[in-house]
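Asker: Everything below, folded, please.
(chains A and B)
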Protein chains: 2
Amino acid sequence: MSKRYLFAPGPTPVPEEILLAMARPLIHHRTPEFEQLMAEVREGLCYVFQTSGEVLVFCASGSGAMEAAVTNILCAGDSALVVQGGKFGERWAEICRAYGVRVHLLEVPWGEPVEPELVARALEAEPGIRAVLVQASETSTGVMHPVRALGEIVRRYPDTLLVVDAISALGAVELPVDRWGLDVVVAGSQKGLMLPPGLGFASVSEKAWRAVGRATLPHYYFDFAEEAKALRQNTARFTPAISLVVGLRDALERLRAEGLDQIFARHARLAEATRQAVRALGLELYARRSPSNALTAVAMPEGVDGSKVEQVLSGKYGITVAGGQDRARGRIIRIAHLGYADRFDVITAIAALEMTLNDLGCRVELGRGVRTAMELLQ
Amino acid sequence: MSKRYLFAPGPTPVPEEILLAMARPLIHHRTPEFEQLMAEVREGLCYVFQTSGEVLVFCASGSGAMEAAVTNILCAGDSALVVQGGKFGERWAEICRAYGVRVHLLEVPWGEPVEPELVARALEAEPGIRAVLVQASETSTGVMHPVRALGEIVRRYPDTLLVVDAISALGAVELPVDRWGLDVVVAGSQKGLMLPPGLGFASVSEKAWRAVGRATLPHYYFDFAEEAKALRQNTARFTPAISLVVGLRDALERLRAEGLDQIFARHARLAEATRQAVRALGLELYARRSPSNALTAVAMPEGVDGSKVEQVLSGKYGITVAGGQDRARGRIIRIAHLGYADRFDVITAIAALEMTLNDLGCRVELGRGVRTAMELLQ
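Answerer: Okay, the predicted model is just below:
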């Protein structure tokens, strides 16, 4: 018997009931039944994004929604300030460059959050910047960027938008879109929303809609205005990923039933327990400050290869975590406590990590991290 | 009890076994298990597309793959010849225009296939045309365009590509990509592949790959070269729609087990039975020539509103068909015999149509169409 546990920061586990809901026979998307479904989904998305605006739904992964954010609000030659402190910050820059947007890089060391003051200064120095692109939770490093503070800075510039990749943050950490003045917030289905990958989302503020009206970058499949028009009629412009939308309704209902405050508190508790357990084992967090409550990136001790840890966790213990990407390859493992996760997931992950480290000759006291987590999770 | 039947030309019914396969717990996409899955999928797609080249897989609906086809092979200011004989022909033109491609329209009356001779003449008259964009099966009209003949014409032009939307044709009608010289062939998951919507596909010929090397239209999410690179390592560039890919493996296995020749013969038989049954009822086909074997568009008799027929079929009989779009709205209904469809689906659809027409005061002899279909399907 090989029982498997999925603790990667996306895809995350999907509740069994939702898996089965998505296995129901397909319904057609040009029917009153689908319209009713979309009406519920629209309402649920507004709740989770904490916005009174429309949250657009794309049949695409989160990166598609990131591209949509860029091409729907900017023109070729526009300047954008990209906060680049990890792999997904790099993705913002790549997308901008692919479309001829001038990128001002604000490079942040991997494992650190951006200093809001640096964003403020960059905007002062370059008044032509039309968008600030950032991650809420940088999935590659496990760092939270100070999105709230950035919202306060960017809202002082009438022609500058704050665009937030909340792919691993939405439904895990507090991110009140309207209240914090976040202009475009992008998310995906396979993280806090507890669904398989395949849906991308974007909220659009009033300020962002004005930019949409002026933007000239080419796009067709990812079109904010056209998609919003379809959505207001409770439908989708192109054939949507119907089975995922069916699951989405159920996932949103679950989130609503638990309540956002409880959800954020649960993620905070699980994250804190994971972090304390990791520290109790003498390991360090890769996020030196502002660690994300969605996932914990654990720095591997000297002489331990993170890829090897990942392999043993998977091969011997049935535990899927994520390794490091690019410059963090082999140097970290990333353990998610995101979405459909509870205290015993944390305990399982820490127990497996302890056993794996011992297997690899890195002696840790068995149960020390687990006990620490248990004390915090009781 | 309300038992439902889905006879729309997409989404089409998904076999129960595949629905349940997709309901299995999520696997991570950066694992040997997923790589094994993708290796099988790649092979199965080559079989279904009848190509030795790579078939790219996108997390998007078919329209996303259509956009990918345009932006990966053309430059701004390039000329494209668009065969426009229905709603999806219009989509080719819209995508081209969104990206600054000059569109030469070859307008074909709805319900008719394009004359290959007209394409040949257009290419002679405009030697700068870089791509001919066409549908194999125009889902909005139920017409097959003569793709094979177009392949013979376009292959004479070394710098012109034939781009085929096979979204409702793939896995339903003969379309040997390599043999017919089709340069880019686009498909979606929710038609002949018997899956939910959410995956888009594109095959790319050697000739098309050379154009990819020269193309300069901006794109990021839909990138042929990057996606092919990831695919050759049995992975995907961005988080793929994992659950749909799991279903895809099973669907491809089924197609292989039945065999393409048998599949095409089955679709031909079901289509012919539907057409003869419709004619036996005194109704006309909307496709005056070259009707598609994937779906049958039935012209409504004078005084009968197709939207009303659609409503009664759905509300009273539990049968979902598609109505007409745009200029065909209210004038046709479209019955699919596509993908997971057998003889009793045709009999059910015709039986329901007969009853519905009688309900609406359009007297037809009950059982006349059904009997005609049965004779052909025995």
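Asker: in chain A, what spans have low per-residue confidence?
Answerer: Along chain A, the model assigns pLDDT under 70 to no residue.
Asker: count of residues packed around residue A:55?
Answerer: 24 (other Cβ atoms under 10 Å in any protein chain shown). The way it works is simple: take the backbone N, C-alpha and C, and place the C-beta from them, glycine included.
Asker: Find the nearest non-adjacent residue to it, please.
Answerer: Taking Cβ to Cβ, 6 or more residues apart in numbering or on different chains, and ignoring the residues beside it in sequence, residue A:55 has residue A:45 as its nearest neighbour in space, at 3.8 Å.
Asker: The residue in the stretch 201-350 of chain A that chain B sits nearest to: neighbouring residues, count only.
Answerer: Chain B sits closest to residue A:241 of the stretch 201-350 of chain A, with a gap of 3.6 Å, by Cβ to the nearest Cβ. Neighbourhood size, residue A:241 [other Cβ under 10 Å]: 35.
Asker: what do you get for residue A:128?
Answerer: 12.
Asker: and it, how far is that from residue A:64?
Answerer: Between residue A:128 and residue A:64 the distance is 27 Å, computed by Cβ to Cβ, to the nearest Å.
Asker: Please apply the same query to residue A:89.
Answerer: Distance, residue A:89 to residue A:64, by Cβ to Cβ: 18 Å.
Asker: what's the answer for residue A:108, then?
Answerer: Taking Cβ to Cβ as the measure, residue A:108 falls 25 Å from residue A:64.
Asker: neighbour count winner among the two?
Answerer: Counted by other Cβ under 10 Å, residue A:108 and residue A:64 do not tie: residue A:64 has more neighbours, with 26 against 21.
Asker: show me the contacts for the more buried one.
Answerer: Listed by Cβ atoms under 8 Å, 6 or more residues apart in numbering or on different chains, the contact set of residue A:64 reads A:58, A:200, A:222, B:59, B:60, B:64, B:221, B:238.
Asker: Please report phi then psi for it.
Answerer: Main-chain dihedrals, residue A:64, degrees, to the nearest 10: phi -60, psi -40.
Asker: Which of the helices or strands spans residue A:309?
Answerer: Applying DSSP states H and E as the criterion places residue A:309 in helix A:306-315.
Asker: Identify each buried residue in that helix, please.
Answerer: Under the neighbour-count criterion of 16 or more other Cβ atoms under 10 Å in any protein chain shown, helix A:306-315 has A:306, A:309, A:310, A:312, A:313, A:314 buried.
Asker: from these, which is closest to residue A:326?
Answerer: When these are compared for distance to residue A:326 (Cβ to Cβ), residue A:306 wins out at 12.7 Å.
Asker: got the contact list for that closest one?
Answerer: Neighbour list for residue A:306: A:300, A:323, A:324, A:329, A:330, A:331, A:332, A:333 [criterion: Cβ under 8 Å, 6+ apart].
Asker: And for residue A:347?
Answerer: Contacts for residue A:347 (Cβ under 8 Å, 6+ apart) come out as A:370, A:373, A:374, A:377.
Asker: quick one: which of these has the most company?
Answerer: Top of the contacts of residue A:347 by neighbour number is residue A:373, holding 26 neighbours under the definition other Cβ under 10 Å.
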